[in-house]
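**Q** Generate a structure from the sequence data that follows.
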Amino acid sequence: MNIMNMNRRTLLMFAVLTPLLILFIYVGMISGPLAPVSVTTVKVESRSISPALFGIGTIEARYSYKIGPTAPGRLKLINVDVGDHVQAGQLLGNMDPIDLDDRIIAQGLSVKRSKNAILVAKAQVDEAQARSSFAQSQANRYQKLLQIKSVSAEVYEGKRQESQVAISGLATARANLASSEQELSRIRADREGLISQKDNLRLVAPTKGIVSGRFAEAGTTIMAGQSVVEMIDPESLWVNVRFDQQRSSGLSAGLPAQIKLRSQSQQSFNGQVLRVEVLADAVTEEVLAKVVFQALPATLPPIGELTEITVSLPALPALPVVPNASLQQLNGQTGVWVVDGDEIQFTPVKIGVSSLEGDVQVLEGLGVGEEVVVYSQKSLKNGSRIKIVDRLIKEPRS
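**A** Numbering: from 1, shown residues only. From the prediction side, this is the model:
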């Protein structure tokens, strides 16, 4: 009787536990650790992508001018301030000439005196010329008289000596005239030098532009070569851009670019790569390039403002393409999880160029039409059971 009761209880317990065990296994297979991993997938397509480079740059002025005196002195006045628009030839400021005006007046008087000295020297040359001609004619006449024995040899020698003295006097007068003319040239050169020096005290805009810096005030002593005003040509604004060397393949002059200013982030401006610099930055491992605006913004950006640059590269031939998010690393290899029924298999691939939209070319390892995992709810491994869903639902935190 006891044995029959025990058998009945055992059967009853099995009858109760068996459905519970089956339910437990079912729940474990559906939502437990043995449940399939939810994934999103995409079909491998063959299409052409247009790669692009992204870089960070700063606004710079291609042409800037630092204006200051060529000689030390005191700044007398300054007529402009930062942000002023100036025209070519406009007076920006002036240095104190000190005694330059007096020295120029003195040199002008010296010029007049030299001119008078030249007039005197010319008169002396004319007088010496007349004396020389008269002495020469007298010497010739007495030479003829000596031949007919009308005068003595001593008288003829006296006349010949007078002629030679007159010729020497003429040469001296001509030398004095040349010296006076040279002195006049020297004084004129000194005067012109003083005038040029005074003109250099005028700080003049070399071209049309905007004043970007003012480094001194009136009354300040300025050294030779020191900048008083700095100005830029607003038409020469460009962007100094840095690109990652690993992604800079294909970068060249003439490529179109999009410029996004930090101060005007809602708008993009068309641009073009002007040149790629010969020297790269070995420390930051970046390539440097210059990008110019096709049309300057209505509101000019400040010098030094950060910008975002996107350079469009030529479109590539059609190849299998996968999302960048589908690439995974396993045992040091780059590959993707390929869907095989309700399981997955890791397949190594060789990738090519990627686009800023997140598409990556696959050079080897995948064929068109294969299905690969893009996102997964959990980490995957070979043979993992999967469940393909349209989108992943974020699991609540415990």
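**Q** can we go C-alpha only for contacts and neighbour counts from here?
**A** Fine.
**Q** mind giving me the domain split of the chain?
**A** The record's domain parsing of the chain by automatic domain parsing lists 1-35, 36-49+318-398, 53-61+232-312, 71-94+204-229, 100-200.
**Q** mean confidence for the first one?
**A** This predicted structure assigns domain 1-35 an average pLDDT of 58.
**Q** hang on, the earlier thing: now the domains of the chain in JSON lines, with mean neighbour count?
**A** JSON lines is the format used below for the domains of the chain (neighbours: other Cα atoms under 10 Å):
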{"stretch": "domain 1-35", "mean neighbour count": "12"}
{"stretch": "domain 36-49+318-398", "mean neighbour count": "16"}
{"stretch": "domain 53-61+232-312", "mean neighbour count": "17"}
{"stretch": "domain 71-94+204-229", "mean neighbour count": "17"}
{"stretch": "domain 100-200", "mean neighbour count": "16"}
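**Q** among the ones you listed, which gets the worst mean confidence?
**A** The stretch with the lowest mean pLDDT among the domains of the chain is domain 1-35, at a mean of 58.
**Q** ok, residue 244 - contacts?
**A** By Cα atoms under 8 Å, 6 or more residues apart in numbering, the residues touching residue 244 are 55, 285, 286, 287.
**Q** gap between residue 59 and residue 386?
**A** The gap separating residue 59 from residue 386 is 51 Å, by Cα to Cα, to the nearest Å.
**Q** Residue 245 too?
**A** Distance from residue 245 to residue 386, counting by Cα to Cα: 39 Å.
**Q** Equivalent analysis for residue 261, please.
**A** Note on residue 261: its distance to residue 386, by Cα to Cα, is 45 Å.
**Q** Same question for residue 249.
**A** Going from residue 249 to residue 386 by Cα to Cα gives 39 Å.
**Q** ditto for residue 139
**A** From residue 139 over to residue 386 (counting by Cα to Cα), the distance is 135 Å.
**Q** do residue 230 as well
**A** Residue 230 is 67 Å from residue 386, by Cα to Cα.
**Q** Please name the residues that touch the closest residue to residue 50 other than its chain neighbours.
**A** Using Cα to Cα, 6 or more residues apart in numbering and skipping residues adjacent in sequence, the residue nearest residue 50 is residue 315, 4.3 Å away. Counting by Cα under 8 Å, 6+ apart, residue 315 makes contact with 48, 49, 50, 51.
**Q** Residue 368: which of the residues you listed is nearest?
**A** The closest of the contacts of residue 315 to residue 368 turns out to be residue 48 (Cα to Cα; 13.2 Å).
**Q** Secondary structure and distance to residue 362 for the contacts of residue 315 - can I get that in a markdown table?
**A** Below are the contacts of residue 315 laid out as a markdown table (DSSP: H, G, I helix; E, B strand; the rest coil; distance: Cα to Cα, whole Å):
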| residue | secondary structure | distance to residue 362 |
| --- | --- | --- |
| 48 | coil | 12 |
| 49 | coil | 12 |
| 50 | coil | 14 |
| 51 | coil | 14 |
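**Q** what helices or strands is the strand or helix carrying residue 189 leaning on?
**A** Residue 189 belongs to helix 153-200 when assigned by DSSP states H and E. Here helix 153-200 touches helix 100-147, going by 3 or more Cα pairs under 8 Å, 6 or more residues apart in numbering; DSSP states H and E.
**Q** Now do the helix it packs on: distance to the chain's middle.
**A** Distance of helix 100-147 from its chain centroid, counting by Cα atoms, centre = their mean, to the nearest Å, is 65 Å.
**Q** For it, enumerate the helices and strands it packs against.
**A** Packed next to helix 100-147, using 3+ Cα pairs under 8 Å, 6+ apart, are helix 153-200.
**Q** and the angle for the helix it packs on with helix 100-147?
**A** 160 degrees (axes from the mean of the first three to the mean of the last three Cα atoms, to 10 degrees).
**Q** Heading C-terminal from helix 153-200, find the next helix or strand.
**A** Downstream of helix 153-200, the next assigned helix or strand under DSSP H and E is strand 202-204.
**Q** Can you name the secondary structure element that comes next after that following strand?
**A** Note on strand 202-204: by DSSP H and E, the next helix or strand toward the C-terminus is strand 209-214.
**Q** just checking, next helix/strand downstream of that following strand?
**A** Next element after strand 209-214 (DSSP H and E): strand 221-222.
**Q** Next secondary structure after that following strand?
**A** The helix or strand immediately downstream of strand 221-222 is strand 229-232, counting by DSSP H and E.
**Q** Could you list the residues in contact with stretch 52-59?
**A** 237-244, 247-248, 301-313, 355-356.
**Q** And for stretch 125-135?
**A** 159, 160, 162, 163, 164, 166, 167, 169, 170, 173, 174, 177.
**Q** for stretch 270-280, same thing?
**A** Contacts with stretch 270-280, where a contact means Cα under 8 Å, 6+ apart, come from 251-259, 286-295, 311.
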